Structures are given as structure tokens and as C-alpha cells.
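> Could you work out the structure for the sequence below:
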Amino acid sequence: MSSEKTQNETSIPSSLADKKPSSLWDKLPPWVSSNLRSWKSWKVLLRCWGVTWVCLVIMLPNKSLATLGNTAFFALLLSIMLPPNMPVQIFMITVTTLVLGIALGWAISCAGMAAALAARDQTLLKQSLQKEAQSTAGMANPDALYQAAIFNGDFLDTRSTVVFGVFLGFGCFLFALIRAYAPKLTLMSVFGTIAIDIFCSYGPLFPFAQYTLLNSLLTAVACYIAIALIFITFAFPETLNHSYLASSAQLLDKLKDILALQGDVLGSDPHDVGPGSPLATKATMARVGMLTQLKQLMSQKQMLNLEFTWGRWNGDDVQEMLEPIQILASRLGSLNGFVKMMAHPMTLADPPKEDDTQSDDDSVASGSTIGDTYLLRQFRERNIAAETEHHVRLVDILPTIREATADVRDAGIAVLGALKELIVAVNTKRYKRSHNEQDTRLFELDRALSALRTAMEDFKNDKRLLLLQPYQHLFEQADAGLLKTVPLRSLYLAFVFTANLTAVSNGIVALAENVSHTAAKRRKARLWAPKGLRAIGKVLRSGRGSGEDAVGEDAQKDDDVQSEDVRRYKLDPDSRPPQNILQRIANVIHRVYKWTKTPEALFTFRYVLVTIALWIPQVVRPTAHFVYAQRGVWALIMAQTTMNIYASDQVFNYVMRIGGTFVGALVGMVCWYIGAGHGTGNPYGLAAITGAFLLPLVFLRIYAPPQFLVGILMTGATFVLVVGYSWIDGNLPGVLVNVGMGWQVTWRRWLLVMIGCAASFILMMFPPKSGRKAVRLRNAAVISGISYLYSHITSLWLSAGEPFEAARQKGASANRVWSPQLREKVISIAEQLQDLRVRTAMSKWEGSIRGAWAFEDYNQLVELENDMLGSLILMAGALVNMDPDLRKTTLPHTFVLNPHFISDVISTFVLLSQSLRTGEPLHAAQYKNLSDRLQYHSGYAFVSNSGAVSASHTNSRKALRQSIGSYEYMFYATAVVAVLNMASTLNELRRVVADLCGEVPLEGFERWREEYDRSRMLA
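Numbering: from 1, shown residues only. Coordinates of the predicted model:
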């Protein structure tokens, strides 16, 4: 309590104290300043920079340059594209996919060469060889002339070239499918495509078998892998177990900050926490940081058992900690949403300040929303007046909530801090035999956990009753018949906060018990061996990773956004299920035909088409030598990498890649001319100056936000190509055609990038696949999915049995938890919303050719859908903690469970989803405000034919009101508020959809409804 009072007394000065004079660190982006001030980030940077610099150094001596060949720069290129900024086993898995891609491309190419040689016209081949032998007879260097003849296209054969083209098309088709449907294998797809491009571009030029065309490339790749593994192993090594525990400690810090932030929330005026306010922004950023860290942990958990690691905890111990952390993060997300609930227009219906001169009419209007009927406005005005009269507005109740929950919040913060210290001790002292520090931290955790249990018990038995004190006189008046209705809105909101805090505290207890049990069991460090290699396949088959972020891929496919409930119950209205073999074959053909119209299929076809179009000039005799001399294969590679499923992604790729190429070319020229001047370069000078230029490039590569990654990759790649080609052409003997040094390499690289971009742009326009339509359809699918989630949770509320199963986590007492089906539904919708947010932002890049795109409306759609998901999570969490007997006894008089209201909610969901899916307008006579429907059903549903309210219902309502002081009632009130919050958000969602799709008017309807409601005014 004392700490809480201190916070109360110093809340304003502390907020002012935060405004310190800005320093240089404050002027830098957060991702720059935080990493520059972190020793851990510096260790990773130095390791990656060391690998990159060594990859440069190995191509400078003449002997190693001769061994690596004309693709010696590829090791340096790989160090930029795939830096070793990860634990060793993740790096091994990543480079394995890369090598498998190159190997697969090489295998397909070798098969193509074998088939092409078999198809070659042997008579024509002999004539060509004899002619070339006669022309080189007696020459000083016949081998050089013979090599020149090969790359001049003298031995090209039409039949052989066609076979190569078939295999090239097949290979690119395969890699395009991998890139479209398995985003985590993007590196495999990209490098496999590069391998098959190089082989099939130069293979047709050779009149004999030349299966080792990629030897130089693979040698450079092998050098990079060896150098990177040495540095990962010996330069600041880190296992995934260590990295995972360090990230878990950081996540616990973020969880603690969110819980501590609630003290500031409860000490604020509801009018000061609206959208865009400092506190609301801070709460949003804290939630985003928590979810980002949690997502990182979830993406790595399947690989924890794939390494040798020394320490006290094995991979299973660390994995078992993730589920309670995930549950706690979900509950803290709901608790953190209270600040948004405080700023809701329905909550702010009271006058903002006592000294405010705003009129009563304006204050009432501030709480109204579009579509309110006269009946609903009556209810709201009376409730506002009663709250103001009896001093039970939310602003009046917040100090009471703050006082009642202070001990629980402080104890929870202490437990989270002790948890972090214990995990840090386990992680950083893994090589010490003594476990004294771990025992000390474990004792502190147990002591903090005991204090939290005491605070929770005290709140349940005593402090909770403080929330009822402001209403005590109202209850007495109601019991005496002096007050007809009690304004309980603020009390219900208080119950929402306390119920969420109780759920959070239970989650903290479960997590602490889990960690305490593991720490007590694992006191000695030992070597843990890997197990379960099947996890690698699960990781690679999962939908989202970092690879697609690097190339602007869309990880959420159109087939995945459709709800599982829709797929389960949806029927084909045009035909029944196939019954015989012919119908099944026809059905398969029909599905293949439908697939050819999907964005993924169109992307694949375009990918193959642009490949063949830019490959043909390399294997046609008049242009073969010119394209080879200008390194035209890079235009082909650029066209393939800029191809994307949607036009918006492709435009974004153009901007980032062209900009990155320009910057990289400029920096590469500056670096080359500083290190080499106008000569062929000095190895010592070039190593020194390039090392200096590489340091900021590597920093940007490993720490820049994902949205900038494409441009940074192109900057690094162009820098490497300018410096690498310049050094190779000036120092590697035997190069058939030099592309030049410095400026000559730069302008060629720029031109090849523009040619590749132009080719992919032409194909993108025939026909363009709009990402904006995908955004609209996916919003429709998400709304449909939320409706099925609402149906599922409502069915659990209405269930006659016990819908929630009891689960016992390691070291924790048994608690009722969500079913796996419910958890999967929530996670699925959350992932769809995350991808939809990215897709909405990306779709702005399509421009405004036909007119401005309503980005703000679509962005608001995502935010509203996210709010509805949060309300449903709150609803499900309350039902888990609600006493089953109370849940069943409250069914008859819970207005939000009125069957007609449930039907109205589902109907609204369906109407909005269908309107977005088809583009058809809504109708003005449809429900605009579900709160009005709720008041209608609650006001008239229990009126008998004579107009009297049934006695049983009256008695039941009285019993419910008398139970308002019970501990279980908190969770009942939270579930009710969650439904009301979701319905209010659904009203706003309907308004946004009407703005997007239009609304058909019904003349005279609004006037008639107003007259009809006024004729039925409340008594």
C-alpha cells in the first residue's frame, strides 16, 4: 500500500520528470540506439562482421582467387544475405535448406544436360567440331579460341536448347511453388533458382557434358559455411537454449512492465487515455513488444532439442515454461486492454471535468454513437444522470479499484521480477558447479510467490468488498423500494479489471510454480544431447518465418483464411459429392482448374514465363555472346526475385530494390576507388577500406526492421558485386570477357536490375492481381471466423455440462483451461489479423489509378476486428473462472444470452461478411445498433400477454442482484461486459463496412422509427 500511495503522490512529477533533455541517443531510431548500447548486440555484430570480412579476404590472394574462380564473391554475398546472427543449430538448418536448394537445382540441371546431349543432332555436332578444329589449327592458344567459340554460341543446337528450356521451366515451376506455399523455404527456392538459371543458361553452349558448371559456386558456398561455423563456434558462441532463456527473461521484463503500467492507468482520468494519448500509446507499444517477443519464442521452441547444450535445464524444461508464459501473456493482453475500455465513448458519457463548461446536451451526445434510437438514448440519459447524482461514475470508482488491487499488483510485479532473476541465474551460471545463487533466487521466488498468494487471498476475502462500498447506499435504497434501477456500469467495469487481474495473478502463480519445480529438480549442470529431429520438418512446413519478410512474400494464403467451420459445413451448391471413379476424376480436374485461377498459380505461371523470356536471348546464337559478356543472367535472377503474388508487393519490391541498388552501387564505387584508385586494386588497401564499409552494412542487415530488409539486402548485394567483380576482372587470369572495374561494373549492374524489373513489371500487368481485393476478402473471412468463435464461446456458456477441462501443469495445481479447439480458433484468428495488418499496409503501394484506396477504413476494420477478438478472449477467460453453478443459474435472466439477441449478433456478422465478400451494399433498415436490440429484447422479452412481468423472473433477478457481492460474480460481470463490448465494436464495424460498400436507403424509415419509439416512451 505504501508503494501505491507513493506512486499516487508522485504520479504527476514523475511524468514531468520523464521529459529529459534529448540526447544523441534519443534522436536515433530505437532499433539503432538500443542495439548500439547493448553489449550482446555488439557481440553478434562483431561476429557477423568478422565472417563477412574474412569472406572478402579469402578472395584477395591470387591462389585462393584462382581456386574460387569467377564466382569468388559469392561467399561474401552469402555473408550479407545470410549472416551468422543465430545459434549454431538454427544456422545449420538454414544453410542446409540453402545447400539443398542448390543441390536440387543442380540435379535438375544435370538431368536436363543429359537429356539435351541425347537429343542433340550428332551429325551437326561433328561438323561444328571439325570446323572449329580446322579454324584453330596452328594457333598459339587453341584452347582459348575454342572457349571463345563456346561462348559465342557456335555449338548451339535447337533440339538440345529446347530440352534445356523444358527442364529450366520445370525447375522454376517447382521452386516457384515452394516460394508460394512454403515461405520458410524461401532461401531454398531463391538459391535453387539461381543454380538452375546459371546451369541452364550456360549449359546449352557446351557441345559435351559439363556437369561441373556449378563447382565454383559451391566452392564459395562451402567456404562461407566453414568460416561461419568457425565464428559461431568460437566467437561469442551461443546455444539456442541460452538464447531462448535470455529472450524469456526479456519477455518477463515486458510482462512486469505491463502489470506495473496498470497503476498509471488506474491513476488517470478516463478522458486523458483516449486513442493517441501518451498512456494509450505506451500501453499499445507494450502489448506489441510483448507479442513480438512471444512470437519469437514460439517460432524457436520446436528446435530446442536439436542441439548439444551444457546447463541445468534441457530443451523440454524450457519448452514446458512456454505454455504458462503464453497463457499469462494472453491474460495480460486482456488486462492491458482496460485502458481502451476506459476511453470507450459509452464509458465517457459523463461530463469530462467539473469545471468544464460543456452543456448537458453535448455531454450526452458525446456518449452516443451513430444509429442510437430514441429508446436507447433514454436509457443512456437516465443512467448518466443516476451515476452523476450518486457519484458512481468511472472516474469516481477508479481510486477505489487502485486501492483494492494495490497489494495484488505489487506482489505480482515482485514475483515476475524474482522469476526473471532466477532464469538469468540459471542461464548465466550454467558453467559453475556451485548452485548457491540459484538456490538464493529460488528462495526469493518462493517468498514472493507466498506473498502473492496471501495478497490474492486477502483480496478475495476482504479487499474485493471495497469495490461495493460506493454502491452500498444504492443497494439499501433498492431493497427498500426507493430506487428502481441501480447504475452498475462502473461497478461492472471495476469487476472486469479485478477479474482480469485475478486471472493474471493465477497465471503468474502457475508460471512461478512451474519454474520453481524445474529449478528445484535441476540443480546440477550437465551435457544434454539432441533428440527429436522430426521437429525440423514441422518448422520448415509452418507458415510464417523471416524468409518471406525479406522478399515481401505473403505468408497467409487465400485458402487458409477461410474458417475451419466454413470448410467443414460448406457444400457445393452445383453438385453433390462424387460417387464413382469418373466423377472423382472429373472432380480432381475441376479442382485443378480452380487452382489455376488462384493468385499462387498465376504467380507460378508468371515466374516460369519471365524465366523463359529472359533465358532465350542467352541461348540464341546472335545474342548469346553479348548476353554472356554483359552477365545478363543477373537480369534473369532480378526478374525472378522481384516477382510477387500481388501487385502491391511487387511495386514495394521495385521501390526497395531499385533504391537499394542505387545506394549499393554508389557505396561500392566509393569503396573501390578509395581502395584501388584507377588501378586493379591493392589487397591490403582494399581489405582495410572494405572492412570499414562493411561494418555499417552488416549492422543494418542484422538489426534493421523487416520492412527495410529488401532494400538493405539489395544495397549489400550490389556493393558486393561492384567490389567483387572489379577485383576478379582485374586480378583473375583467364577471364574470357571482362565486365570492367568500378564505374563499368556499376552501370551494368544498374542496367541489369532495371531490365529485370521491367520484365517482371510487364508480366505483372497481364493481368494484375490486386492485393486490395485480397484485403477485402480476407476481412470478410476474418469477420466470419470471429462469428464462429463467438458462436463457439456462447455455446460453452449455454452448455448443460462442464465445457472446460481441468489440466495440471508441472508443479502447479489443477485449473480449468481452454480446450485445444478453442485455443486453436483464437490463435488462428490472431495470426490472420497479424498477416492482414501487414497486407493492408502493403496494399497502399498499388497507387491510386482508379481512385484513392480507403486505407484508413480498412486499417480501422483490422483494429475493430482485433478489438472484437480481445473481447471474445475476455469472455472466454471469464467463463473459465466462473463457477459452473452460477453460470447455469444466471442463464434465464442474462440479457446477452437472449436467443433473439444472439440471432441478431450472428445475423450482423453474416451480413457484414457477405457484403465485404461480394461488394454488395448494406441496407439502411438493417440493425445499426445491437445495444438497441439488446434493450428491446431485455425490455419486452419477459412481458406476458397481460403486460405483467412474471413473478419467477422477478425473484430470479433479485437473487442475482443479491449475489453481486460474491467472488464469482466478478467473472459473470466480466463475461457480460465482454459481450457488450463486442456488440458495441460490431456496431462500429457495420458503420465502416457501410462506408466501404455503400448503403441502400429506405425513405422515411428513420422518421417512422423515431415516432414509433417515442410512442413507447419509458415510464
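> what's the helix or strand for the spatially most central residue of the chain?
Of all residues in the chain, the one closest to the mean position by CA atoms, centre = their mean is Gln834, 4.9 Å from it. Assigning secondary structure by DSSP states H and E places Gln834 in helix 820-842.
> Would you mind giving the orientation angle of whichever helix or strand comes after that helix with respect to helix 820-842?
Once the chain leaves helix 820-842, the next helix or strand it forms, by DSSP H and E, is helix 855-881. Here helix 855-881 runs at an angle of 160 degrees relative to helix 820-842 (axes from the mean of the first three to the mean of the last three CA atoms, to 10 degrees).
> how about the next helix or strand after helix 855-881: buried residues?
Past helix 855-881, heading to the C-terminal end, the next element that is a helix or strand (DSSP H and E) is helix 884-889. Taking 16 or more other CB atoms under 10 Å as the neighbour-count basis, helix 884-889 is seen to contain the buried residues Arg887, Thr889. All C-beta atoms are positioned from the backbone trio N, CA, C, and that covers glycine.
> what mean pLDDT would you report for helix 884-889?
Mean pLDDT, taken over the full extent of helix 884-889, equals 78.
> Count the residues that sit near Val655.
12 (other CB atoms under 10 Å).
> The protein: strands as residue ranges?
Counting by DSSP state E, residue ranges of the strands within the chain are 309-311, 526-528, 805-807, 815-817, 922-923, 999-1000.
> Mean pLDDT lowest where, among those strands?
For the strands of the chain, the bottom mean pLDDT is recorded on strand 805-807, which sits at a mean of 53.
> Pull the number of nearby residues for the closest residue to His435 other than its chain neighbours.
With CB to CB, 6 or more residues apart in numbering as the measure, Arg523 is the residue that lies nearest to His435, at 4.9 Å, once sequence neighbours are left out. Each residue near Arg523 was counted by other CB under 10 Å, and the total is 11.
> what's near enough to touch Arg523?
Contacts were defined as CB atoms under 8 Å, 6 or more residues apart in numbering; by that measure Arg523 touches Arg312, His435, Gln438, Asp439.
> got it, and Tyr244?
When contacts are counted by CB under 8 Å, 6+ apart, Tyr244 touches Leu297, Gln300, Lys301, Leu304, Val318.
> Tell me which residues touch the first one, please.
What that stands for is Leu297. Residues counted as contacts of Leu297 (CB under 8 Å, 6+ apart) are Tyr244, Ser247, Ser248, Leu251, Leu322, Ile325.
> Taking these, please make a PyMOL selection of just the buried ones.
Once 16+ other CB under 10 Å is used to decide burial, the buried members of the contacts of Leu297 can be selected in PyMOL as follows:
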select buried, resi 244+248+251+322+325
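> gap between the nearest residue to Val166 once chain neighbours are set aside and Met188?
Nearest non-adjacent residue to Val166, counting by CB to CB, 6+ apart: Gly112, 7.4 Å away. In this structure, Gly112 and Met188 are separated by 19 Å, where distance is defined by CB to CB, to the nearest Å.
> Only the buried residues of the biggest helix by length in the chain, if you could.
Of all segments of type helix in the chain, defined using DSSP state H, the longest is helix 394-428. By neighbour count on 16+ other CB under 10 Å, the buried set for helix 394-428 is 394-395, 397-398, 400-427.
> Equivalent analysis for stretch 664-674, please.
Of all the residues in stretch 664-674, those buried under the rule 16+ other CB under 10 Å are Gly664, Ala665, Val667, Gly668, Met669, Cys671, Trp672, Tyr673.
> can you pull the contacts of the first one?
Right, Gly664. Taking CB under 8 Å, 6+ apart as the definition of contact, the neighbours of Gly664 are Met714, Thr715, Gly716, Ala717, Thr718, Phe719, Val722.
> Spatially nearest residue to it (excluding sequence neighbours)?
Thr718 (3.0 Å).
> now the helices: where do they sit in the stretch 201-350 of the chain?
Assigned by DSSP state H, counting those that start in this stretch, the helices in the stretch 201-350 of the chain fall at 215-234, 240-266, 278-300, 315-336, 338-342.
> can those go into CSV with extra columns for distance to Leu582 and mean pLDDT?
Listed next are the helices of the stretch 201-350 of the chain as CSV, based on distance: least, CB to CB, whole Å; pLDDT from 0 to 100:
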stretch, distance to Leu582, mean pLDDT
helix 215-234, 49, 91
helix 240-266, 53, 88
helix 278-300, 46, 83
helix 315-336, 49, 85
helix 338-342, 58, 83
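> Distance to Leu145 for those helices - can I get that in JSON lines?
JSON lines is the format used below for the helices of the stretch 201-350 of the chain (distance: least, CB to CB, whole Å):
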{"stretch": "helix 215-234", "distance to Leu145": "22"}
{"stretch": "helix 240-266", "distance to Leu145": "55"}
{"stretch": "helix 278-300", "distance to Leu145": "56"}
{"stretch": "helix 315-336", "distance to Leu145": "61"}
{"stretch": "helix 338-342", "distance to Leu145": "77"}
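> can you tell which of those is closest to Leu445?
Ranking the helices of the stretch 201-350 of the chain by distance to Leu445, with CB to CB as the measure, places helix 240-266 first at 11.6 Å.
> which parts of that closest one are buried?
Residues of helix 240-266 classed as buried under the neighbour-count rule (16+ other CB under 10 Å) are 240-246, 248-249, 251-256, 258-266.
> Over to stretch 176-186?
In terms of neighbour count (16+ other CB under 10 Å), stretch 176-186 has its buried residues at Ala176, Leu177, Ile178, Arg179, Ala180, Ala182, Pro183, Lys184, Leu185, Thr186.
> So for the last one, what's the pLDDT?
On the pLDDT scale, Thr186 is placed at 85.
> Please look at it and Phe175 and confirm they touch.
No - contact status for Thr186 versus Phe175: not in contact, 9.9 Å apart, counting by CB atoms under 8 Å.
> Helices along the stretch 401-550 of the chain, start to end?
Counting by DSSP H, counting those that start in this stretch, the stretch 401-550 of the chain has these helices, from start to end: 436-461, 472-479, 489-521, 534-541, 547-551.
> Identify, out of the ones you listed, the most deeply packed stretch.
helix 489-521 (a mean of 23; mean count of other CB atoms under 10 Å).
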